[in-house]
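# Pasting a predicted model and its sequence here:
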Amino acid sequence: MNPLRPLASPAYRPLFAAMTLTIFAQGAWALYLAMQTLDLGATAASLSSVVAWSGIGLLAGSLPAGVIADRFPKKKILLSVLGLNTLVATLTAGLAAAGTVTFWMLGLSAFVIGTTTAFFFPAYTALVPLVVPADDLMAVNGLEGATRPLIGQALAPAVVGAVIGAALPPAGGFVIAGALAVAFLAALRLPAPTVPDEPAGQPDPSPLRDLRDGLAYAARTRWIRSSVIFAALMGLGVTGPLEVLLPTLMRESHADGAALYGAVLAALGVGGLVGSLVAGSWHTPRRFLPAMVGAWTVGCLPLAAPAFTADPWLIGAGLALYGALIGIGMVIWGTVLQEHVPAAMLGRIASLDFFISIAFMPLSIALTGILSRHMAPTTLFLGAALLPLATAATLAALGQLRTPDVTDNQYS
């Protein structure tokens, strides 16, 4: 299968454009927000108090976003998010250019954009199978998986950083607003897909009931339950060592530690891009649950490398392999969600995945900071590599990684 084949679809191209530009804006916003806050004379404490609101907004919006995605037209959700974010980015950059922006305004804009962005991706995930043929879902998820590191982690910060460096921080804000405006125009071109009508005579459930039903569906569906448990524990074990211990190791072991840390993270991004594109050329594995968990498990093993060496080449090679296999697993996961979760439930399950991926990041970082006072970095790197293996072995021993019956979308 050609991983670029979905781009030939006139129904998918505007959705891909809107997704790509949203990822660009999300990746660039973090850099712009930091530079704009520092331009006001922020200290480390005041900078963190502003930037933290982006994460708070993402976390606050993630679970409600799934309920909204399952209750309202997905195209309207995307347009609402992109329109509001365009307005907020333009207003923030305009106030900054006029010299009237303050810390609380930046924090508020960070919260609003963080919250609304949390609504974008569940709606996008739920919309994809309505506009893309089932045979193209692996390729679509491969494209998305490749786009995130390429656009969000590399191109967006580089472009906006260069614009800010050549001018002033507000110029970067206007670039972000422009990208969001173009994404809005692309979303306007999306078809309005039809979905089956709800049976007549049924009362409209409350949003809280919808959320509870989504969580109950995830809890009773073995392949979703096992995947979420595994991903949560993997994130808990991996994020802190990568974001806290690895930069510390690079800085203490090499004179140019900051540059080397950036280089090994770039290797991770390249690995993720390659792995996603490769997986996008496959068909969905029949034994998708063990294939997905297996890719994630093996991918985490190279994280043990910093326990034995500070050589950036070896660490970078290990992170490239980690990124590739994590990317492959994510492509399978996204495709299986769209293939086997009922359309009426897809937004809530996608938002649960988004919530898990966000919630455990700050917890892992905090836990790593605490444990690093009492344990050697070597032990923590080994823990990051082996915790996923132990989790997978435990799930397998409990019979939770058996190949599900894909004809049963509810209890498999």
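Ah, there it is.

# if you skip the residues just before and after it, what's nearest to Gly57?
Spatial nearest neighbour of Gly57, chain neighbours left out: Gly114 (2.6 Å); criterion: CB to CB, 6 or more residues apart in numbering. C-beta: built from backbone N, CA, C; applies to glycine.

# Give me the phi and psi for the one you found.
phi -60, psi -40 (degrees, to the nearest 10).

# neighbours around it, how many?
25 (other CB atoms under 10 Å).

# Check the gap between it and Ala30 for me.
To Ala30, Gly114 is 10 Å away according to CB to CB, to the nearest Å.

# One more: Gly369?
From Gly369 to Ala30 the distance is 21 Å (CB to CB).

# out of these two, which sits in the more crowded spot?
Shown here are Gly369 and Ala30; by other CB under 10 Å, Ala30 has more neighbours (18 against 12).

# residues near the closest residue to the more buried one other than its chain neighbours, how many?
The spatially closest residue to Ala30, leaving aside those adjacent along the chain, is Ser54, at 6.8 Å (CB to CB, 6+ apart). The number of residues packed near Ser54 is 22, by other CB under 10 Å.

# The helix or strand harbouring Ser54 packs against which elements?
Per DSSP states H and E, Ser54 falls inside helix 44-71. Judged by 3 or more CB pairs under 8 Å, 6 or more residues apart in numbering; DSSP states H and E, helix 44-71 is in contact with helix 13-39, helix 103-131, helix 207-220, helix 346-371.

# redo that, cut-off 10 Å
helix 13-39, helix 74-97, helix 103-131, helix 207-220, helix 346-371 (3 or more CB pairs under 10 Å, 6 or more residues apart in numbering; DSSP states H and E).

# Rebuild those as TSV, extending it with mean pLDDT and distance to Val264.
TSV is the format used below for the helices and strands packed on helix 44-71 (pLDDT from 0 to 100; distance: least, CB to CB, whole Å):
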stretch	mean pLDDT	distance to Val264
helix 13-39	91	19
helix 74-97	96	31
helix 103-131	92	27
helix 207-220	90	34
helix 346-371	84	18
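
# want to throw these into JSON lines with distance to Gly299?
Listed next are the helices and strands packed on helix 44-71 as JSON lines, based on distance: least, CB to CB, whole Å:
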{"stretch": "helix 13-39", "distance to Gly299": "22"}
{"stretch": "helix 74-97", "distance to Gly299": "31"}
{"stretch": "helix 103-131", "distance to Gly299": "22"}
{"stretch": "helix 207-220", "distance to Gly299": "23"}
{"stretch": "helix 346-371", "distance to Gly299": "15"}
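
# Any idea which of these gets closest to Phe230?
helix 346-371 (10.2 Å; CB to CB).

# Just the buried residues of whatever helix or strand comes next after that closest one, please?
Going down the chain from helix 346-371, the next helix or strand is helix 377-397, by DSSP H and E. For helix 377-397, a neighbour-count test (16 or more other CB atoms under 10 Å) marks 377, 380-388, 391-392, 395 as buried.

# for the residue nearest to Leu265 when sequence neighbours are not counted, what are its contacts?
With sequence-adjacent residues excluded and distances taken as CB to CB, 6+ apart, Leu265 is closest to Leu319, at 7.3 Å. Residues in contact with Leu319 (CB atoms under 10 Å, 6 or more residues apart in numbering) are 242, 246, 263-272, 299, 302-303, 305-306, 312.

# rerun that using 6 Å as the cut-off
264, 267-268 (CB atoms under 6 Å, 6 or more residues apart in numbering).

# tell me the domain ranges of the protein?
Domain assignment for the chain, taken from automatic domain parsing, gives 5-188, 207-397.

# want to throw the ones you listed into JSON lines with distance to Thr403?
Shown next, in JSON lines, are the domains of the chain (distance: least, CB to CB, whole Å):
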{"stretch": "domain 5-188", "distance to Thr403": "18"}
{"stretch": "domain 207-397", "distance to Thr403": "5"}
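
# residue ranges of the helices in the stretch 201-350 of the chain, please?
Taking DSSP state H, counting those that start in this stretch, the helices of the stretch 201-350 of the chain run over residues 207-220, 222-240, 246-253, 257-280, 288-300, 312-340, 346-371.

# The shortest one to helix 377-397, inter-axis angle?
Same thing as helix 246-253. Here the directions of helix 246-253 and helix 377-397 differ by 150 degrees (axes from the mean of the first three to the mean of the last three CA atoms, to 10 degrees).

# Helix 246-253 packs against which elements?
helix 257-280 (3 or more CB pairs under 6 Å, 6 or more residues apart in numbering; DSSP states H and E).

# got the CA coordinates for the helix it packs on in CSV?
Written as CSV, here are the backbone C-alpha positions of helix 257-280 (Å, rounded to 0.1, in the frame of the first residue of the first chain):
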residue,chain,number,x,y,z
GLY,A,257,25.5,18.8,26.1
ALA,A,258,22.6,21.0,25.1
ALA,A,259,23.3,20.5,21.4
LEU,A,260,23.8,16.8,21.8
TYR,A,261,20.5,16.5,23.7
GLY,A,262,18.8,18.3,20.8
ALA,A,263,20.5,15.9,18.3
VAL,A,264,19.4,12.7,20.1
LEU,A,265,15.9,14.1,20.3
ALA,A,266,16.0,14.8,16.6
ALA,A,267,17.0,11.1,16.1
LEU,A,268,13.9,10.1,18.1
GLY,A,269,11.8,12.3,15.8
VAL,A,270,13.3,10.9,12.6
GLY,A,271,12.7,7.4,13.9
GLY,A,272,9.1,8.2,14.6
LEU,A,273,8.6,9.7,11.1
VAL,A,274,10.1,6.6,9.4
GLY,A,275,8.2,4.1,11.6
SER,A,276,4.9,5.9,11.0
LEU,A,277,5.4,6.0,7.2
VAL,A,278,6.5,2.3,7.1
ALA,A,279,3.5,1.2,9.2
GLY,A,280,1.2,3.4,7.0
